[in-house]
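*Asks:* based on what follows, work out the 3D shape:
(2 chains)
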Amino acid sequence: MIRTSIRRISNKSIPYEPVPKNKYNAQRSQFNFKPQKTSGLVHNPPAAIIKPYMQTPNIFLPANDPRRHFNTAPSQNFTQQDLEYMPVLKEYKPQGQRDYSITAETIDAIKKLKESDPENWTLSKLSKEFNIEARKLVHFLRPDKKEKISEHKILSERARRKELWLRNEY
Amino acid sequence: MLRSVIRAAPRVNVLRAAICRPQILTTVRTYQVATAKTVLKTSYDSVEDYSSYKHNLFTHRLPESSAEQSAPLVALHSRLNLPSTFALSTLSQCLNLLFKDDGLANNFGLNTLGKTMLSYYVTEYLLIHYPRLPMSVHNAAVDSLMGTSALYEIGKSWGITVDTTSKLDKFLGEENEFLKYGKLRYISDAEKEKVKETGVEELVDGVTEHSREAEAYASAVRAIIGGLYTHSGEDTAKKFIEDHILSRKIPLDQMFQFSKPSAELVRLCDKLGFDQPISIRLMAETGRASSHPQYLTGVFVGTEKLGEAIGSSLNESKTRAVINALLAYYLYSPINAQGDKIKVPSETNYKFEGIIGIGDVAI
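*Replies:* Numbering: from 1, shown residues only, chains lettered A, B, ... in the order given. Take a look at the predicted model:
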């Protein structure tokens, strides 16, 4: 018998199981995992990180791309509540909300003060005086850039490791 | 001991004249003047009249009957599955880089033609299938597909061998005289006669960093493509390029090297007009006290995840996540509604289905 039509399965009715269902209580029997088979199709995505060249995030996809409607897996879509559990390491404000209120004159004044009396005019004092966040102020007070490291200089272990990160190598 | 054999730069004829007449004690300033190669016997009406330049060097093509008698040539022809319209004498011409030894036409014209064809099809492929690649990576990808090193490897894999035996050795070895027409000829007879001492290495010239052998092989490959275009038309040449060059895998994700990836990502998101803040969040960790901790960091724009990565320190995972996000943008490859690769302009019934990249990001 030749199949004349394919059974239509809606995207949303496929159960999402990144880890198979445990026959026993998931929390109390974590050590004693016994998988319970779910009948039918199951969405079991790999735990591995999706390679950038394999899947583009939805917002990077152009409007005419047909894959826009397929990236609906819960592992790739987060709600605000999910993000509450992930502490922020670094945040960048979007265009339009960035603060450019610090002027060159202010920085010149700060530098003059610092030069005149380095011990008394500490970072915290300067930040309080001029009402600028210390994290921001420290960037302006950094010393001049050192000469560029030549390409053939022998790098330290730590520097070599950092190079690997920037090259996307392990 | 290593001795360098430096090929002498051509000097002005004035100096040569001075040497021939030793009585004249003139101090001659030697300096470089651009002159056309005398060996090509170029003639012109005036130096600036470029259209009047003409090479008067007589070259002839190898007769087909002689070409058929060369076993390596016929073998190469059938190995590459070249169409029967591709004459064997042209194939022999593709393998010849010399222009003054035996008066046979060399592959310079075919090389140029093949190079143009290759440049077009390779850039077309990359620009359509990877529209968002930064320019430096695009250039590196072009080089990896049709650069001299790549074509050198391809030429070697086709079984093209170099003709290294001198005329004397050929005579003494009673070598078939037609054998050389199937081999890559770039070493002149005079060079072949030179005694090769062990420990003496010829340095490559400073213009190209590739050896003469690599350049010769690359030019032979390009010339074969040029010859295919000449004898069999553009469609056959395109198919040949697709089969031999464009079918090779380019590991684009290994060709990036970022400096200041976070700044680049912020500027990229500005360019794309995202109004949500970019946040780098710690998604998971094995625990700070674990012996080899692992941190999983994700880059988010609002609630959308751009990229994630694992690192053994917070900084490492942050940097790798940002780089993954950038790669996810740059390595985008469009597909059509049926899920197949989109068409390129040189295909029939071409319709633009992809995107045009918005360009590099300035940090």
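
*Asks:* helices along the stretch 1-150 of chain B, start to end?
*Replies:* Assigned by DSSP state H, counting those that start in this stretch, the helices in the stretch 1-150 of chain B fall at B:13-20, B:64-68, B:71-79, B:88-94, B:108-129, B:135-146, B:148-157.

*Asks:* distance from the second one to the middle of the chain?
*Replies:* What it means is helix B:64-68. 31 Å (C-alpha atoms, centre = their mean, to the nearest Å).

*Asks:* now do the same contact list for the nearest residue to B:Ser46 once chain neighbours are set aside.
*Replies:* Nearest residue to B:Ser46, sequence neighbours excluded (C-beta to C-beta, 6 or more residues apart in numbering or on different chains): B:Ser52, at 7.3 Å. C-beta: built from backbone N, CA, C; applies to glycine. B:Ser52 sits next to B:44-46 when contact means C-beta atoms under 8 Å, 6 or more residues apart in numbering or on different chains.

*Asks:* give me the element the residue in the stretch 151-300 of chain B that chain A sits nearest to is part of.
*Replies:* Distances between the stretch 151-300 of chain B and chain A by C-beta to the nearest C-beta are smallest at B:Arg281, namely 3.8 Å. For B:Arg281, the host element (DSSP states H and E) is strand B:278-285.

*Asks:* and the next helix or strand past that strand?
*Replies:* Note on strand B:278-285: by DSSP H and E, the next helix or strand toward the C-terminus is strand B:295-301.

*Asks:* what comes into contact with that following strand?
*Replies:* With C-beta under 8 Å, 6+ apart, strand B:295-301 has contacts from A:59, A:78, A:83, A:86, A:89, B:265, B:269, B:274, B:276-286, B:305-314, B:316-318, B:320-322, B:324-325.

*Asks:* now swap in stretch B:215-232 and tell me
*Replies:* Taking C-beta under 8 Å, 6+ apart as the rule, stretch B:215-232 contacts B:80, B:82-83, B:85-87, B:90-91, B:93-95, B:97, B:107, B:109-115, B:117-118, B:147-148, B:151-152, B:154-156, B:158, B:160, B:162, B:184, B:186, B:208, B:210, B:236-237, B:240-241.

*Asks:* ok, and does the lowest-mean-pLDDT helix or strand in chain A reach over to chain B?
*Replies:* Taking mean pLDDT, DSSP states H and E as the measure, helix A:134-140 is the helix or strand of chain A with the lowest mean score, a mean of 87. No. Using C-beta under 8 Å from any C-beta of the partner chain, helix A:134-140 stays clear of chain B, coming no nearer than 12.9 Å.

*Asks:* which strands and helices sit next to the helix or strand hosting A:Leu164?
*Replies:* Following DSSP H and E, one finds A:Leu164 within helix A:157-166. On a contact count with 3 or more C-beta pairs under 8 Å, 6 or more residues apart in numbering or on different chains; DSSP states H and E, helix A:157-166 meets helix B:314-330.

*Asks:* quick check: angle from the helix it packs on to strand B:295-301?
*Replies:* Counting by axes from the mean of the first three to the mean of the last three C-alpha atoms, to 10 degrees, helix B:314-330 points 40 degrees away from the direction of strand B:295-301.

*Asks:* now helix B:314-330: how far from the chain's centre is it?
*Replies:* Between the centre of helix B:314-330 and the centre of its chain there are 31 Å (C-alpha atoms, centre = their mean).

*Asks:* can you list the buried residues in that helix?
*Replies:* With burial defined by 16 or more other C-beta atoms under 10 Å in any protein chain shown, the residues of helix B:314-330 counted as buried are B:314, B:316-330.

*Asks:* do that helix and chain A come into contact?
*Replies:* Yes. If you take C-beta under 8 Å from any C-beta as the test, helix B:314-330 does meet chain A, through B:314, B:316, B:318-320, B:323-325, B:327-329.

*Asks:* turn those into CSV, columns for pLDDT.
*Replies:* Formatted as CSV, these follow (pLDDT from 0 to 100):
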residue, pLDDT
B:Leu314, 97
B:Glu316, 97
B:Lys318, 97
B:Thr319, 98
B:Arg320, 97
B:Ile323, 98
B:Asn324, 97
B:Ala325, 97
B:Leu327, 97
B:Ala328, 97
B:Tyr329, 97
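
*Asks:* ok, which pair from the residues you listed is furthest apart?
*Replies:* Farthest apart among the residues of helix B:314-330 next to chain A by C-beta to C-beta are B:Leu314 and B:Tyr329. That separation is 23.4 Å.

*Asks:* could I get the phi/psi values of A:Thr122?
*Replies:* The phi and psi torsions at A:Thr122 (degrees, to the nearest 10) take the values phi -80, psi 170.

*Asks:* that one and A:Arg158: what is the separation?
*Replies:* Going from A:Thr122 to A:Arg158 by C-beta to C-beta, to the nearest Å gives 29 Å.

*Asks:* which one's more surrounded, those two?
*Replies:* The residue with more neighbours, out of A:Thr122 and A:Arg158, is A:Thr122; 13 against 8, by other C-beta atoms under 10 Å in any protein chain shown.

*Asks:* now chain A, which segments are flagged as low pLDDT?
*Replies:* A:9-12, A:149 (pLDDT under 70).

*Asks:* what ranges do the helices span in it?
*Replies:* For chain A, the helices defined by DSSP state H occupy A:80-84, A:104-116, A:123-130, A:134-140, A:157-166.

*Asks:* who touches the last one?
*Replies:* Right, helix A:157-166. Counting by C-beta under 8 Å, 6+ apart, A:155, A:170, B:257-259, B:261, B:311, B:316, B:319-320, B:323 sit against helix A:157-166.

*Asks:* of all residues in chain B, which one is nearest the centre?
*Replies:* Nearest to the geometric centre of chain B sits B:Gly147, at 1.6 Å (C-alpha atoms, centre = their mean).

*Asks:* excluding chain neighbours, what is closest to it?
*Replies:* In this structure, B:Gly147 finds its nearest non-sequential neighbour in B:Ala218, 8.0 Å apart by C-beta to C-beta, 6+ apart.

*Asks:* next, the buried residues of stretch B:285-294.
*Replies:* When neighbours are counted by 16+ other C-beta under 10 Å, the buried residues of stretch B:285-294 are found to be B:Glu285.

*Asks:* average pLDDT across it?
*Replies:* What stretch B:285-294 shows for mean pLDDT is 94.
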